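K.L.:
Structure, please.
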Amino acid sequence: MDLKVNHYHHFQYEALYIKFWLGHNQHHTYLIIWLIIFFYKKVRKKEGMGLGDAKLLAVVGFWFGWFSIPFTIFMSSVVALIFVIPSLINKSRKMSSQIPFGPYIIIAVIFYVFFSNQIKTFLL
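P.N.:
This is a model prediction of the structure:
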């Protein structure tokens, strides 16, 4: 089997799973995240983010609406940088080392839960 076929079949299975459990809108959220993961892997020839992160973001979109997704991705990236930069400076971690992104997504979601009204007022 070709690598492209494997990715396509894997996406079909995952997409049906997301659509069954979460609904149509979160299916689109998962598709967007999956496409980002897929293209990054094609360009860089290595995995950048796991599909567990995409599922977690789809669930976040289901619980809190589409508006929470861009904020969560941005804030989780900022939180991850805050935690990882000191280890990069100390050279205890390389730029190519993998970090689990799920905990940073959860921290961003907690931040969103407590400050969602202020965030929406500020941005809208």
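
K.L.:
can you give me the strands in this structure?
P.N.:
Taking DSSP state E, the chain contains no strands at all.

K.L.:
Where do the helices of it begin and end?
P.N.:
3-22, 24-44, 51-64, 68-89, 102-123 (DSSP state H).

K.L.:
What are the buried residues along the shortest one?
P.N.:
Okay, so that is helix 51-64. If you call a residue buried by 16 or more other C-beta atoms under 10 Å, then helix 51-64 has these buried ones: 53-62, 64. For every residue, glycine as well, the C-beta is placed using N, CA and C.

K.L.:
Distance-wise, check the residue nearest to I105 when sequence neighbours are not counted relative to D53.
P.N.:
Using C-beta to C-beta, 6 or more residues apart in numbering and skipping the chain neighbours, the partner closest in space to I105 is S76 (4.6 Å). Per C-beta to C-beta, to the nearest Å, S76 is found 9 Å from D53.

K.L.:
joint contacts of those two?
P.N.:
Common contact partners of S76 and D53 (C-beta atoms under 8 Å, 6 or more residues apart in numbering): 101, 105.

K.L.:
okay, and the helix or strand of this structure with the least pLDDT?
P.N.:
The helix or strand of the chain with the lowest confidence, counting by mean pLDDT, DSSP states H and E, is helix 3-22 at a mean of 49.

K.L.:
So A108 sits against A80, correct?
P.N.:
No - in this structure A108 lies outside contact range of A80 using C-beta atoms under 8 Å: 9.2 Å.

K.L.:
Compare the two (neighbour count), which wins?
P.N.:
A108 (22 against 18; other C-beta atoms under 10 Å).

K.L.:
mind listing what the more buried one touches?
P.N.:
Counting by C-beta under 8 Å, 6+ apart, A108 touches 71-76, 79.
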